[in-house]
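*Asks:* here are the coordinates; sequence isn't available:
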């Protein structure tokens, strides 16, 4: 196993930059004025949190798939740990995106009804990605030998990743959506205030940065644990 | 030529073994029959909409595939013939043979399921060719996914009901388009042009999945 070399100075600098960036984004998200929209009112601020979760999960899916590919190419266990931790953190962000979306729709469009789960394409896509990661974790626990586990889990991760793009094509044609840019709904950039977009795009970068911090720290802890216990699952 | 010969040898071996015991075939048929009878009993005389009928038909097919097709590589592992295959035939030929065998099995099961469904639930079929082609194309995609996943679970130490867990999240795009295509075949009225998008999605899905499976199979098959 090739121990990764980290330039500590650069790492700390990047980390502090991200923390400063996210702090600014959070302050702007809560303090700046937003236009009054009828049903949304102040819940529109959730845009800064709900949507970046989805972007962050997509980034995590890419990172995880990339490292799974590297596992097959090099057979390095570090890559396996990276793929696993990216999947775990990505699944966490997916759950957050799902929860913020459900709560948001419940207290705006569905206030006064019993609807918690609506038939929204994006909701289905996130829950399917979470199911795939659930299956990925279950498969990992069914394999004993670390080397075999790294390879077979990588195969499943990549194989499942080939089917998800079809969802983007299939599901939106069959269901209606609350989201902008979907069938019949105006595109995001047309209906969103320029000032809100000024906070929204940095928020995406900030949350992806948070993903990167959590992910690298988890990989680091996992490597330390692996050195002690020879178990890459922890 | 050699490649086709090798795949054919694996396919022929599997068919011969299947004809001796008829284990997978009998199990699949019994599963389809009993689950369809359960559906018929549970739904009673209530007439079902084409949407429900095609959804139930495909759920039965997907469940039977997840139960019956999981054995193709597990059986090799149990009989201890994995090493023999690895020594004699390259991985891609083994995979092609198994894939075609699973496909044939699924086509047989799908035809039986559709026929029994027609009789038990008084399903009216407006467009037989459309239903047949959606069953056929659906079987290709389903066989592609299950064959690689059954190779994956054959390597696991505690298999249990692992295949359905791995299979179902991956099948959703296929299931949605196939259910839509067969719903239009049942209700009729819509021409081929209307369901063209769904059939193309099934073809694309099968193509991508089978290509990925061929590329990834060697990593599962060899140590």
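*Replies:* Alright, I've got the coordinates. This one's a predicted model, so the numbers in the text were calculated from it and none came from an experiment.
*Asks:* Please count neighbours and contacts with C-alpha atoms only from this point.
*Replies:* Will do.
*Asks:* Confidence-wise, which helix or strand of chain B is lowest on average?
*Replies:* helix B:71-79 (a mean of 85; mean pLDDT, DSSP states H and E).
*Asks:* other SSEs contacting that helix?
*Replies:* helix B:128-154 (3 or more CA pairs under 8 Å, 6 or more residues apart in numbering or on different chains; DSSP states H and E).
*Asks:* on that earlier part again, residues contacting the least confident helix or strand of chain B, please?
*Replies:* Helix B:71-79 has contacts (CA atoms under 8 Å, 6 or more residues apart in numbering or on different chains) with B:24, B:82, B:98, B:102, B:147, B:150, B:151, B:153, B:154.
*Asks:* Going by distance to residue A:133, which of those wins?
*Replies:* Closest to residue A:133 out of these is residue B:153 (16.2 Å), distances taken as CA to CA.
*Asks:* Surely residue A:28 touches residue A:199?
*Replies:* Yes: Residue A:28 lies in contact with residue A:199 (CA atoms under 8 Å); the separation is 6.8 Å.
*Asks:* out of those two, which sits in the busier spot?
*Replies:* The residue with more neighbours, out of residue A:28 and residue A:199, is residue A:199; 20 against 17, by other CA atoms under 10 Å in any protein chain shown.
*Asks:* Name the SS class of that one, please.
*Replies:* helix (DSSP: H, G, I helix; E, B strand; the rest coil).
*Asks:* My guess is it contacts residue A:25. True?
*Replies:* Yes: at 6.5 Å, residue A:199 counts as touching residue A:25 under the criterion of CA under 8 Å.
*Asks:* which phi and psi does the residue at the greatest distance from the centre of chain B have?
*Replies:* Of all residues in chain B, residue B:45 has its C-alpha farthest from the mean position, at 29.7 Å, by CA atoms, centre = their mean. Dihedral pair for residue B:45: phi -80, psi -10, per degrees, to the nearest 10.
*Asks:* do the same with the one 4 residues further on
*Replies:* Note on residue B:49: backbone dihedrals following degrees, to the nearest 10 are phi -70, psi 160.
*Asks:* how far away is it from residue B:202?
*Replies:* 23 Å (CA to CA, to the nearest Å).
*Asks:* lowest average confidence, helix or strand, in chain A?
*Replies:* The weakest-scoring helix or strand in chain A, judged by mean pLDDT, DSSP H and E, is helix A:188-191 (a mean of 63).
*Asks:* can you list the residues of chain A near chain B?
*Replies:* A:72, A:128-129, A:131-132, A:135-136, A:139, A:142-144, A:148, A:151-152, A:155-156, A:159-160, A:162-164, A:166-167, A:170-171 (CA under 8 Å from any CA of the partner chain).
*Asks:* Any of those buried? List them.
*Replies:* With neighbours counted by 16 or more other CA atoms under 10 Å in any protein chain shown, the residues of chain A next to chain B contain buried members at A:72, A:128-129, A:131-132, A:135-136, A:139, A:142-143, A:148, A:151-152, A:155-156, A:159-160, A:162-164, A:166-167, A:170-171.
*Asks:* Give me the subset of the residues you listed that lies in helices.
*Replies:* Members of these lying in helices (criterion: DSSP state H): A:72, A:128-129, A:131-132, A:135-136, A:139, A:148, A:151-152, A:155-156, A:159-160, A:162-164, A:166-167, A:170.
*Asks:* which one of residue B:49 and residue B:202 has more residues nearby?
*Replies:* A count of neighbours by other CA under 10 Å puts residue B:202 above the other of residue B:49 and residue B:202, at 27 against 13.
*Asks:* ok, the closest residue in space to the more buried one that isn't next to it in sequence - contacts?
*Replies:* Take residue B:202 and drop its neighbours on the chain: the residue closest to it by CA to CA, 6 or more residues apart in numbering or on different chains is residue B:174, 6.0 Å away. By CA under 8 Å, 6+ apart, the contact list for residue B:174 reads B:138, B:141, B:201, B:202, B:205.
*Asks:* Report the secondary structure element holding residue B:174.
*Replies:* Assigned by DSSP states H and E, residue B:174 falls within helix B:162-187.
*Asks:* returning to what we had before: most neighbours among the contacts of helix B:71-79, please name it.
*Replies:* Among the contacts of helix B:71-79, the one with the most neighbours (other CA under 10 Å) is residue B:98, at 28 neighbours.
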